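Student: what's the 3D shape of this:
(one chain, ligands or ions: 1)
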Amino acid sequence: MDSKMLKELNQQIQEETYSSYIYLAMAADLEANGFKGMATWMQVQAREEKIHADIFLNYILERGERVELEAIQKPPVTWESPLAIFQAALDHEKHITGRIDHMVKVARELNDNASLNMLQWFIEEQVEEEANVGEAVQQLEIVGDDGRGKLMIDREMGTRVFSVPASAPYYPKPGQAIGA
Ligand code: MG
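Tutor: Residues are numbered from 1 along each chain as shown. I've put the predicted structure just below:
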């Protein structure tokens, strides 16, 4: 694999791990403020991001290359409101979409078809991520300061259940088939 591609893929392990880490921080802040359902939703999101990181790690190893883990920065501790949290999450997902698009560009330039193929799953995944987080932003904007509305959203979001994505490439590897 070209070293430029490898560098991007290694960086993406950091990006996805940070995603998981910041969503964990958001889940903790939500729970501390009594939004247990939204906290559950964010916990599920954090677990999914960890899987994204694992996919990039597994892919690098599958290609016979070296994994190099980067430092993870400290996420914020608290946000102004649930709306501020989901807006920050949406901004973050847009950043991740930009990263995926950038990697696709690099893979194209290098004619790295295996990487292009793997990244295809993430292109679809990012459409879904932005749509899901965007929906939460929209609902929270609609209810505004109405506490009852916020609790209704909280209850609905608390029904989200984690499941290992069935179609994910390079996941799970033997020993990672941990179920739900
Ligand atoms: Mg992700």
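Student: Name the residue closest to the centre of this protein, please.
Tutor: Central residue of the chain (C-alpha atoms, centre = their mean): residue 49, 3.8 Å from the mean position.
Student: wait, what's in contact with it?
Tutor: The contact partners of residue 49, by C-beta atoms under 8 Å, 6 or more residues apart in numbering, come to 16, 17, 19, 20, 23. For glycine as for every other residue, the C-beta is placed from the backbone atoms N, C-alpha and C.
Student: Please identify the helix or strand for the closest residue to the ion within the chain.
Tutor: Residue nearest to the ion within the chain: residue 52 (3.8 Å; C-beta to the ion). Per DSSP states H and E: residue 52 is located in helix 36-62.
Student: Need the contacts of residue 49 in JSON lines (columns: distance to residue 64, neighbour count and secondary structure).
Tutor: Listed next are those as JSON lines, based on distance: C-beta to C-beta, whole Å; neighbours: other C-beta atoms under 10 Å; DSSP: H, G, I helix; E, B strand; the rest coil:
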{"residue": "16", "distance to residue 64": "21", "neighbour count": "23", "secondary structure": "helix"}
{"residue": "17", "distance to residue 64": "22", "neighbour count": "20", "secondary structure": "helix"}
{"residue": "19", "distance to residue 64": "26", "neighbour count": "24", "secondary structure": "helix"}
{"residue": "20", "distance to residue 64": "26", "neighbour count": "19", "secondary structure": "helix"}
{"residue": "23", "distance to residue 64": "31", "neighbour count": "24", "secondary structure": "helix"}
